[in-house]
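S.K.: Let me see the structure of the following:
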Amino acid sequence: MRIMIVTDQYPPMVGGVPNVAHGLAVDFTQRGHQVWVVAPSYGTRDVQRTEEGVQVSRFSSFEWPTYKDLRIPLLPFGPIHKLLKQSDPDVIHVHSPIVLGNIAHILAPGLHKPLIATNHYLPNNMLSRSVLTDPVLGKPLSALIYSYLVYFYNRCDYVTSPTRTALDLLSDHGLHAPSKVISNGIDLKSYTPGAKDSEVIRRLGLPEDRPLIIHVNRLSEEKRIDVLLDAMARLRTPAHLALTSTGPAEAALRAQVEQLKIQDRVSFLGFVRDEDLIPLRRSAQLFVIPSEADLQSLAMMEAMACGLPSVAANSYALPELVHHNQNGFLFEPGNSDEMAAYMDRILQDPELQQSMGTESLNIIAAHDKDNVLDQWEELYTQLATEFAEAQRLRQRAHASSIAP
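M.R.: Residues are numbered from 1 along each chain as shown. Take a look at the predicted model:
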């Protein structure tokens, strides 16, 4: 099958959407499909090259002024139309309803190609927290963003979301296009429980003599890492927090650590490669996520697959993975006192850690990557077959209309 993935966010950008789009592209290639990716370049030149077996076309772009690392392509209608004609994909899968997604949507009908869109977005991902909580602007702007998202998705041939929560939010705001839930997949062959890796702990500069808490997420305002740092200041257990990844809020978070005087309890690790991140998870006792802007957390799913319990904000789709008092605890969003209390409770009870970690493994089993890829292939095949049949009928009707 010939598959085109269109996304405004793709590695080296860090984040959930780039990871999902990249993972699907590579996995489908490894399954024997031909895959093209349309994404922004990191400069003023178009670049076409093969990356991990995927044919990636990157188009010139500039950095979005209010969102570091997000690239805005320079409307490459002609080159993308040419690429679509040459590659002749069976399906086009859009992962961001911004510039490139809109171009694909405009071009797909004229080429009689089915367009699938996956929603990864909330208003929280597009507006600052100060704007969202503004009593005058917050609700109207949030409603405006949902109006745009639903308008875009209703013009697609099929819509998916990784969680029921995410899909229900779209339906509540007027989505009527055919749709279903398809989870993000986790490679349960790679992400597995294991023994503590002291060598990785030392190399990352982390202490070995105290419990380890990890948080893996982009360091941006909507992820509410400030709440986690406040919780660390209230924590009774002498534990250490490892923050991995980077992002625009890093400077403010470092300043908060100094203000709280918890420099000896928090490490900013920056980007950590998978070769180290997997053993880091296995060496930790707890995964935490205070985010109020996740429709599904890949990082939490990977931690669960390594057998970790979680403490998570009771926000959006996080409760679909963290079942309160089973594989972790849910706290009121923004409540650092409650978060700290649940963290202490798990860290101080090894038997609870073990039982919750086992339940994490049971829950995450349904999200195995191979099963998820099967679901995508089934949907792709269904839509490609339907469009091919519709095209044959159109050609037959046209031939009949001009016959003498």
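
S.K.: For stretch 172-182, which residues meet the burial criterion?
M.R.: Neighbour-count burial for stretch 172-182, counted by 16 or more other CB atoms under 10 Å, picks out H173, L175, S179, V181, I182. In this view, the C-beta of every residue, glycine as well, is placed from N, C-alpha and C.

S.K.: Revised request: answer the last question for stretch 324-344.
M.R.: Residues of stretch 324-344 classed as buried by neighbour count (16+ other CB under 10 Å): 327-331, 333, 335-336, 338-344.

S.K.: re earlier: could you export the buried residues of stretch 172-182 as TSV, including pLDDT?
M.R.: Formatted as TSV, the buried residues of stretch 172-182 follow (pLDDT from 0 to 100):
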residue	pLDDT
H173	90
L175	95
S179	96
V181	96
I182	96
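
S.K.: which one of those is nearest Q55?
M.R.: Closest to Q55 out of those is I182 (23.6 Å), distances taken as CB to CB.

S.K.: The closest one and W376 touch, don't they?
M.R.: Yes - counting by CB atoms under 8 Å, a contact exists between I182 and W376, whose distance comes to 6.5 Å.

S.K.: sorry, back to before: could you find the two of the buried residues of stretch 324-344 that are most distant from each other?
M.R.: Spatially, the most separated pair among the buried residues of stretch 324-344 is N327 and S336, at 21.7 Å (CB to CB).

S.K.: So which of the buried residues of stretch 324-344 are in helices?
M.R.: S336, E338, M339, A340, A341, Y342, M343, D344 (DSSP state H).

S.K.: what's the closest of the buried residues of stretch 172-182 to W36?
M.R.: Distances from W36 to these, taken by CB to CB, are shortest for I182, at 20.5 Å.

S.K.: Give me the nearest residue to that closest one, chain neighbours excluded.
M.R.: Spatial nearest neighbour of I182, excluding adjacent residues (CB to CB, 6 or more residues apart in numbering): T160 at 4.7 Å.

S.K.: Next: Y342.
M.R.: Spatial nearest neighbour of Y342, excluding adjacent residues (CB to CB, 6+ apart): F329 at 3.8 Å.

S.K.: and if you look at L229?
M.R.: Q256 (5.2 Å).

S.K.: Work out for me the element the one you found sits within.
M.R.: Taking DSSP states H and E as the criterion, Q256 maps to helix 250-260.

S.K.: Can you list the buried residues in that helix?
M.R.: Neighbour-count burial for helix 250-260 flags E250, L253, R254, Q256, V257 (criterion: 16+ other CB under 10 Å).

S.K.: Give me the pLDDT for the fourth one.
M.R.: Okay, so that is Q256. Listed pLDDT for Q256 reads 97.

S.K.: same question, H112
M.R.: pLDDT, H112: 87.

S.K.: what's the burial count for it?
M.R.: Using other CB atoms under 10 Å, H112 has 11 other residues around it.

S.K.: Double-check it against E386; I have them as touching.
M.R.: No - assessed by CB under 8 Å, H112 is found out of contact with E386, at 11.1 Å.

S.K.: ranges for the strands of the stretch 101-250 of the chain?
M.R.: With DSSP state E, counting those that start in this stretch as the criterion, the stretch 101-250 of the chain has strands at 115-118, 158-161, 179-181, 212-216, 240-244.

S.K.: Check whether P333 really touches E292, as I assumed.
M.R.: Yes - P333 is within contact range of E292, at 5.1 Å (criterion: CB under 8 Å).

S.K.: Spell out which residues are contacts of both of the two.
M.R.: Common neighbours of P333 and E292, using CB atoms under 8 Å, 6 or more residues apart in numbering, are R224, A313, S315.

S.K.: Switch those residues over to JSON lines; also include distance to E208 and neighbour count.
M.R.: Listed next are the shared contacts of P333 and E292 as JSON lines, based on distance: CB to CB, whole Å; neighbours: other CB atoms under 10 Å:
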{"residue": "R224", "distance to E208": "29", "neighbour count": "25"}
{"residue": "A313", "distance to E208": "29", "neighbour count": "27"}
{"residue": "S315", "distance to E208": "33", "neighbour count": "21"}
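
S.K.: for this protein, longest helix please?
M.R.: Max-length helix for the chain by DSSP H is helix 369-402.

S.K.: just checking, what packs against it?
M.R.: Applying 3 or more CB pairs under 8 Å, 6 or more residues apart in numbering; DSSP states H and E, we find helix 369-402 packed against helix 16-30, strand 91-94, strand 115-118, strand 158-161.

S.K.: Check those for me and report the most buried one.
M.R.: The highest average neighbour count among these, using mean count of other CB atoms under 10 Å, belongs to strand 91-94 at a mean of 27.

S.K.: got TSV for the strands of the stretch 101-250 of the chain, with distance to K85 too?
M.R.: Converted to TSV, those look like this (distance: least, CB to CB, whole Å):
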stretch	distance to K85
strand 115-118	16
strand 158-161	23
strand 179-181	29
strand 212-216	40
strand 240-244	42
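
S.K.: My read is that P40 contacts G101, right?
M.R.: No - the criterion here is CB under 8 Å, and P40 misses it with G101 at 11.7 Å.

S.K.: shared neighbours, those two?
M.R.: Residues touching both P40 and G101 (CB under 8 Å, 6+ apart): D8.

S.K.: Those two: which is more packed in?
M.R.: Using other CB under 10 Å, the more surrounded residue of P40 and G101 is P40, with 25 against 21.

S.K.: List the contacts of that one.
M.R.: D8, Y10, R58, F59, S60, S61, R71, I72, P73, L100.

S.K.: doesn't K196 make contact with R202?
M.R.: No - using CB under 8 Å, R202 is not in contact with K196, being 11.4 Å away.

S.K.: For those two, work out which one has more neighbours and name it.
M.R.: Neighbours per residue (other CB under 10 Å) separate R202 from K196, with K196 holding more: 15 against 11.

S.K.: Now for that one: which residues touch it?
M.R.: Applying CB under 8 Å, 6+ apart, we find K196 in contact with R282, S283.

S.K.: And the spatially closest residue to G334 that is not a sequence neighbour, how far from A299?
M.R.: Leaving aside its chain neighbours, G334 sits nearest to V227 (5.7 Å; criterion: CB to CB, 6+ apart). Distance from V227 to A299, counting by CB to CB, to the nearest Å: 16 Å.
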